[in-house]
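Q: Give me a model of this one.
(3 chains)
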Amino acid sequence: MSGGARTSQGGFWSVARAVAWRNVHNYFTNPAVIVPGLLFPMFFFAAFAGGLSRVDSVPGFEFQANYTAFVYGFVLLQASAFGGVFTGFSIARDFESGFSRRILLAAPRRAAMIVGYWAAALCRAAFTVAVVTAVALVAGMEVVGGGLDLLGMYTLALIANAVAALFGSGVAMRLRTMQAGPAMQVPVFLLLFLAPVWVPYDLLTGWVEAAAAINPVTLLLEAGRGFLGGDPTQVLPAFAVGLGLLVLAAVWAIGGLRSAERSSA
Amino acid sequence: MSEAAIEARELVREFKKGPRAVDGIDLRVERGEVYGFLGPNGAGKSTTVHVLTTLLPPTSGTASVAGHDVEREGPAVRAMIGAALQEAALDPFLTGREHIKLQAALHGMRGDEGRRRGAELLDRVGLTQAADRKVRGYSGGMKRRLDLALALVHRPRILFLDEPTTGLDPQSRSALWAEVQRLASDRGVTVFLTTQYLEEADVLADRVGIIDRGRIVAEGTPDALKAEIGRPSVEAIPAEREDLTRMKTVLARFGESVASSPKGAAVRLSGGDAQLAEVVRALDAEDIGVEQLQLHAPTLDDVFLAKTGRLLEGADESRPEEAAQVVAV
Amino acid sequence: MSAAFATQVGMLARRSVLRTLRQPAMVVPALLFPLMLLAVNSGGLQAATELPGFPADSYLDFVLAVCFVQGGLFAANSAGTNVSNDVETGFLSRLSLTPLRRVALLAGQLAGIVTLGLIQALTFLIVGLTAGAGIETGAAGALAIVVLALLISLGFGAIGAFVALRTGSGEAVQGVFPLMFAALFLSSMALPRDLIETDWFRTIATWNPVSYMLEGFRALIIQGWDGEALALGFACAGGVALAAIVGASSALRTRMTRT
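A: Sure, this is the predicted structure:
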């Protein structure tokens, strides 16, 4: 029978597409899933763009656009990153319920799973970002940067999404339980919030300033805001760091997959 | 000798924090055969299936499916097999039809081909009407049938079924048996079936491997295995409870005691069926009234008992009715 | 209160407390999340204290109040989840077949939440003081902070129980959680109301009872014994608690209908 006709014609991309389709389908057909994912960034945006707007009057606050745009720069990164983390939740849920075995059984090259989940994460994040962007524009966000600047900003968000998705995938496949949620969320949360969230880096003081100085997200955030404000800053370091994180996260995810394969029963 | 569909040699699977779930299994399943893997809970059945279906690597030993090594040629193995595992592993948010679509897409089937195949399978397992309902609303039997359909989407030549009828009502169970038999006889599919139900193994399997504590303790056709034990057993329930002890003493003259219901006594007849009349006469001579007298042909449970000294779980429920001659007195 | 009733309440309270404390996934985020935000915000927004009219020199003093309210939100989630589990598993039906009085059930359930609320309040107070926050009103003020925090936990916990009893669904409880966070976000959480520039936001914050709860805490921490702020804070917390308990009782009555 060896060398006999394969009955499955599944390849890498058919598996990735199928996995992505299922996750995107479940996301868009379940209000219980879609609404909370949208609400948090929206509330966050409304609360801080609306409630903290006077902060841009603090001496030394330098930003080319208005405070709404300043907050948007963070919310964009946050929505992208958490869109990636939710991927990890989906994977953990699938392992816990046993559904992942269905995919592991069908996939000739199992790394396709990770690509499929990440593609779904990207779709989710894109939808969330689109909604938040619309709200921000209605709320009067100033966009000073041009087309190329915006492309740069969204590319950084894409990288953040991929890094978070691969990180979450790695955690989920190692722990294979929904209890892994905090293990995925907390590191991403800390990285996001130990950055210049409310004020530019130059206005941070104390231990938060020290943390932000070594936090790679600071570079991504400041570069993203620079693009939005039409004053690109630290572009090359931001992309270099982003791509470096992407490579590390990919290695982490593949390691997670190998761990899952060794003991997925 | 032609290449086996499934072959394992000294297969071992250990878990870090537990005993050896699979402790040196040798087996060979020929193409087109229905092989029943019978054993109690925790015997190692599911672990064996997980290794053979490439979901777990073996700790040691070798296994090949469709001529491909499960450890080194996983993708090739997966391309040839279908599996319906112990948990139905369904997504509660998808409909039956969407599950088929997903499975077809995973196996690289084009949209229209997948749809045709899906319609055919849903019809075959009786789920056409429920196909567009979300699976969370399906009964246990419906979920199992969908799981079987999903395992067949890509027309595998080798099918693994891990306790496929556990928890099903008798009607659903019979329907599933009929489908398995059809697959094997009409399509020549090799079926590796694990079960803890004697009747299931008896009815479906060409050959049975009995596993206990990670090892195969007996292997052969059901008839051959039962013939090894050879002798039938008689079970009697006294009309008066207080006669039970005397009944046991009388029956003990005819063979060794075996498990029975709490209200009665049973022995394996050393002289075979012919001794039944003597048993009746002996009980009558002692003036012991008998409420019920049954003669049981040997079952796979008896085989298991002979090999391991224990009964399979649930053995009482699955005594084949046709093998018992119930005598109400 | 009769002895039998007291026994019932005690028994259910014990179950509720143990059940809550045995779920690290409930307890740990309820403690850690507010503290993480406290750490991040107190450092990240220190610059806001330079705004003219900002009531404190340390943003930590200002934002500590938020922890106590966030604790209440987690209480809502915890209570709602526990009660919805009881509904979904049929445990509530089992209790309906006993002589248990309905009010004992609710009292017992909320006792667990108040216990979690006490642990939270003490934790946040100790961490805040350790990090350098001052309590302008001293030890008596610290006690008042704890009492206000417990009242908020009770109120939000009852909201969670209400949602769970009305819907019988854990998913519905999880769906309401973000909305309750919205109530926190659309308040004077980040800046005092008089420093909020955006008109619509300031209006919402003015109507939002959470703003007054926060201002009650801030009066005790920063300003001193401000009668008006304290009255409004306790009144809002008490009002929410009363309304929620009435709602939860009514929902429980419907859910536990028996002849």
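Q: For the stretch 51-200 of chain A, which segments count as helices?
A: A:51, A:67-97, A:99-106, A:111-138, A:147-175, A:181-193 (DSSP state H, counting those that start in this stretch).
Q: Now do the buried residues in the fourth one.
A: Pointing back at helix A:111-138 there. A:111-129, A:132-133, A:135-136 (16 or more other C-beta atoms under 10 Å in any protein chain shown). C-beta: built from backbone N, CA, C; applies to glycine.
Q: roughly how far is that helix from the heart of the chain?
A: Distance of helix A:111-138 from the chain centroid (C-alpha atoms, centre = their mean, to the nearest Å) equals 8 Å.
Q: now the last one
A: Between the centre of helix A:181-193 and the centre of its chain there are 11 Å (C-alpha atoms, centre = their mean).
Q: got a list of contacts for it?
A: By C-beta atoms under 8 Å, 6 or more residues apart in numbering or on different chains, the list of residues contacting helix A:181-193 from outside reads A:74, A:77-78, A:81-82, A:84-85, A:88-89, A:92, A:164, A:167-168, A:171-172, A:175, A:215-217, C:25, C:28-29, C:32, C:36-37, C:40, C:44.
Q: Can you flag the buried ones in the residues you listed?
A: For the contacts of helix A:181-193, buried by 16+ other C-beta under 10 Å: A:74, A:77-78, A:81-82, A:84-85, A:88-89, A:92, A:164, A:167-168, A:171-172, A:175, A:215-217, C:29, C:36-37, C:40, C:44.
Q: how about the residues of chain C near chain A?
A: Residues of chain C lying near chain A by C-beta under 8 Å from any C-beta of the partner chain: C:25, C:28-29, C:32, C:36-37, C:40-41, C:43-48, C:50-51, C:171, C:174-175, C:177-179, C:181-182, C:185-186, C:188-191, C:195-198, C:200-201, C:205.
Q: Can you tell me which of these end up in helices?
A: C:25, C:28-29, C:32, C:36-37, C:40-41, C:43-44, C:171, C:174-175, C:177-179, C:181-182, C:185, C:200-201, C:205 (DSSP state H).
Q: how about the helices in the stretch 201-329 of chain B?
A: Using DSSP H, counting those that start in this stretch, helices in the stretch 201-329 of chain B cover B:222-229, B:244-252, B:276-285, B:300-308.
Q: brain fart, the stretch 1-150 of chain B
A: Secondary structure of the stretch 1-150 of chain B by DSSP H, counting those that start in this stretch: the helices cover B:45-52, B:74-78, B:96-106, B:111-124, B:140-152.
Q: next one: the fourth one to chain centre, how far?
A: When you say that, I think you mean helix B:111-124. Worked out by C-alpha atoms, centre = their mean, helix B:111-124 lies 29 Å from the chain centre.
Q: circling back to that earlier point, which one of the helices of the stretch 201-329 of chain B lies nearest to chain C?
A: Among these, the nearest to chain C by C-beta to the nearest C-beta is helix B:300-308 (35.7 Å).
Q: Just the CA atoms of that closest one, as CSV, please.
A: Extracted as CSV, the C-alpha positions of helix B:300-308 are listed here (Å, rounded to 0.1, in the frame of the first residue of the first chain):
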residue,chain,number,x,y,z
LEU,B,300,-15.4,-12.8,24.8
ASP,B,301,-15.8,-11.8,28.4
ASP,B,302,-15.1,-15.4,29.4
VAL,B,303,-12.0,-15.3,27.2
PHE,B,304,-10.9,-12.1,29.0
LEU,B,305,-11.6,-13.6,32.3
ALA,B,306,-9.6,-16.7,31.4
LYS,B,307,-6.7,-14.6,30.3
THR,B,308,-6.7,-12.0,33.0
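Q: what does it contact?
A: B:38, B:198, B:201-202, B:208, B:210, B:212, B:217-218, B:222, B:225-226, B:228-229, B:233, B:258-259, B:268, B:310-312, B:315, B:318-319.
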